[in-house]
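# show me how the following folds:
(chains A, B and C)
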Amino acid sequence: MKRIFTPMLTALLLATAPMAANAAEEKVVYHVNDSANARVAMNNVNNHLNAAPDAKIVVVTHGKGIDFLLNDAKDDKGEFAPVVAGLKGKGVDFRVCNNTLKARKLDASAVVPEATIVPSGVAEIGRLQAQEGYVYLKP
Amino acid sequence: MKRIFTPMLTALLLATAPMAANAAEEKVVYHVNDSANARVAMNNVNNHLNAAPDAKIVVVTHGKGIDFLLNDAKDDKGEFAPVVAGLKGKGVDFRVCNNTLKARKLDASAVVPEATIVPSGVAEIGRLQAQEGYVYLKP
Amino acid sequence: MKRIFTPMLTALLLATAPMAANAAEEKVVYHVNDSANARVAMNNVNNHLNAAPDAKIVVVTHGKGIDFLLNDAKDDKGEFAPVVAGLKGKGVDFRVCNNTLKARKLDASAVVPEATIVPSGVAEIGRLQAQEGYVYLKP
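So this is what the prediction gives:
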């Protein structure tokens, strides 16, 4: 009897496994559409990782949120480059909206090398949640 | 043997089917509680649909977020009516919080015909996520 | 035949039961990182519960969002204590970020007794969504 049902049971276990994995793993998309709070957002991400070191964090930016990921970006606390590089080194991904780049007539070379460019920031935020099991947080 | 287990297997497949469907489909609730960024939010929705044409988007408004869905609403870029009608034509739903209407002593007739009225905007946002598999995005 | 498969079927039903429960129950994390809109946020929570009395709501605060949960907090509409106590009485949980307390050199005793302290506000928001099935709403 056992042998007969093994394939079916295996198929069922395989079918339910991804859900169990999603429940255990923590993946978070940080939505940044205003660089005025980028410094605070980066502190949030850093604190998040200190409390949950295994969390996978992706920062998706569009609109005014891309500014801190442009070359030589700074605010009154200093340059963003070392903060971004430091978080990248901890596994954080940074993504920049290409619709925003086009609307602002910016070339891809204007973006820091730590970030990647995605066709649409908002669609990326939807996709990460709907297709890849990310949860959402807006700093 | 096959015939005996078909009902059980069918039942299991039916039980897991809705989850698979949810994983493949993208449904997004846009939360707007401030019409000061309604123009940007509508651009976001439009860009989202350009990048993900099959996404189902519902814009839920409450508080100051309902203003761009009132008759004759406009900002410095012009009237909102054509933008709302255009997105409605692409399948976007617009919902307005009745608690807000009551608090501001507005009649349902003050709301543009493209939008529907829901008892509570925030409860609608919770319901869409918890009961209907929507993901969240706040412009 | 029936008897033989009962344990396997039971195991499968148990495995799928939590998902069904999550789908039916509504749990919402309210994210507050600015007490300037705390009054509106509390109105939102109240309206949410009026429309969905069985919803479990947790308000997670960090940064400037913790201020309305400090002793004697008030705004131009009055003290926050009675509002917080009233919502607590309806089952709402309030959580305050310890990273924020440390950064602002505040002792735990500065926080109202209705709130509990969590190591990191943002990590708590991620955890509630990823591990406990909460959906997200930012007032």
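
# please identify which helix or strand holds residue A:32.
In this assignment (DSSP states H and E), residue A:32 forms part of strand A:27-34.

# from the chain's centroid, how far away is that strand?
Here strand A:27-34 is found 6 Å from its chain centre; the criterion is CA atoms, centre = their mean, to the nearest Å.

# buried residues in stretch A:125-134?
A:125-130, A:133-134 (16 or more other CB atoms under 10 Å in any protein chain shown). The way it works is simple: take the backbone N, C-alpha and C, and place the C-beta from them, glycine included.

# now check it, is it near chain B?
Yes. Using CB under 8 Å from any CB of the partner chain, we find that stretch A:125-134 touches chain B at A:125-127, A:129-131.

# one step back: in JSON lines: the buried residues of stretch A:125-134, plus distance to residue A:93.
Converted to JSON lines, the buried residues of stretch A:125-134 look like this (distance: CB to CB, whole Å):
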{"residue": "A:125", "distance to residue A:93": "13"}
{"residue": "A:126", "distance to residue A:93": "16"}
{"residue": "A:127", "distance to residue A:93": "13"}
{"residue": "A:128", "distance to residue A:93": "10"}
{"residue": "A:129", "distance to residue A:93": "15"}
{"residue": "A:130", "distance to residue A:93": "18"}
{"residue": "A:133", "distance to residue A:93": "15"}
{"residue": "A:134", "distance to residue A:93": "11"}
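
# quick one on the thing from earlier: please tabulate the residues of stretch A:125-134 next to chain B in a markdown table, including the columns secondary structure.
Converted to a markdown table, these look like this (DSSP: H, G, I helix; E, B strand; the rest coil):
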| residue | secondary structure |
| --- | --- |
| A:125 | helix |
| A:126 | helix |
| A:127 | helix |
| A:129 | helix |
| A:130 | helix |
| A:131 | helix |
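
# for the residues you listed, which two are the farthest from each other?
The most widely separated members of those, counting by CB to CB, are A:125 and A:131 (11.3 Å).

# which ones are touching the most centrally placed residue in chain A?
Closest to where the C-alpha atoms of chain A average out (CA atoms, centre = their mean) is residue A:58, at 1.2 Å. Residues near residue A:58 by CB atoms under 8 Å, 6 or more residues apart in numbering or on different chains: A:27-30, A:92-95, A:128, A:134.

# chain C: which of those is nearest?
residue A:28 (4.7 Å; CB to the nearest CB).

# quick check, the strand holding residue A:32 touching chain C?
Yes. With CB under 8 Å from any CB as the criterion, chain C is reached by strand A:27-34 at A:27-28.

# so what strands line up beside that strand?
Strand pairing for strand A:27-34, determined by DSSP bridges: strand A:56-64 (parallel), strand A:135-137 (parallel).

# neighbours around residue A:82, how many?
By other CB atoms under 10 Å in any protein chain shown, 9 other residues sit near residue A:82.

# kindly report the same for the one 10 residues further on.
Each residue near residue A:92 was counted by other CB under 10 Å, and the total is 22.

# isn't residue A:42 up against residue A:81?
No. Using CB atoms under 8 Å, residue A:42 is not in contact with residue A:81, being 11.5 Å away.

# more neighbours: which of the two?
residue A:42 (22 against 17).

# now the more buried one: how far from chain B?
Between residue A:42 and chain B the distance is 19 Å, computed by CB to the nearest CB, to the nearest Å.

# strands along chain A, start to end?
Here chain A has its strands, by DSSP state E, at A:27-34, A:56-64, A:74-75, A:78-79, A:93-97, A:115-118, A:135-137.

# how about CSV for those strands, with mean pLDDT and distance to residue C:68 added?
Conversion of those to CSV gives the following (pLDDT from 0 to 100; distance: least, CB to CB, whole Å):
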stretch, mean pLDDT, distance to residue C:68
strand A:27-34, 98, 23
strand A:56-64, 98, 27
strand A:74-75, 96, 27
strand A:78-79, 98, 31
strand A:93-97, 98, 32
strand A:115-118, 98, 35
strand A:135-137, 98, 20
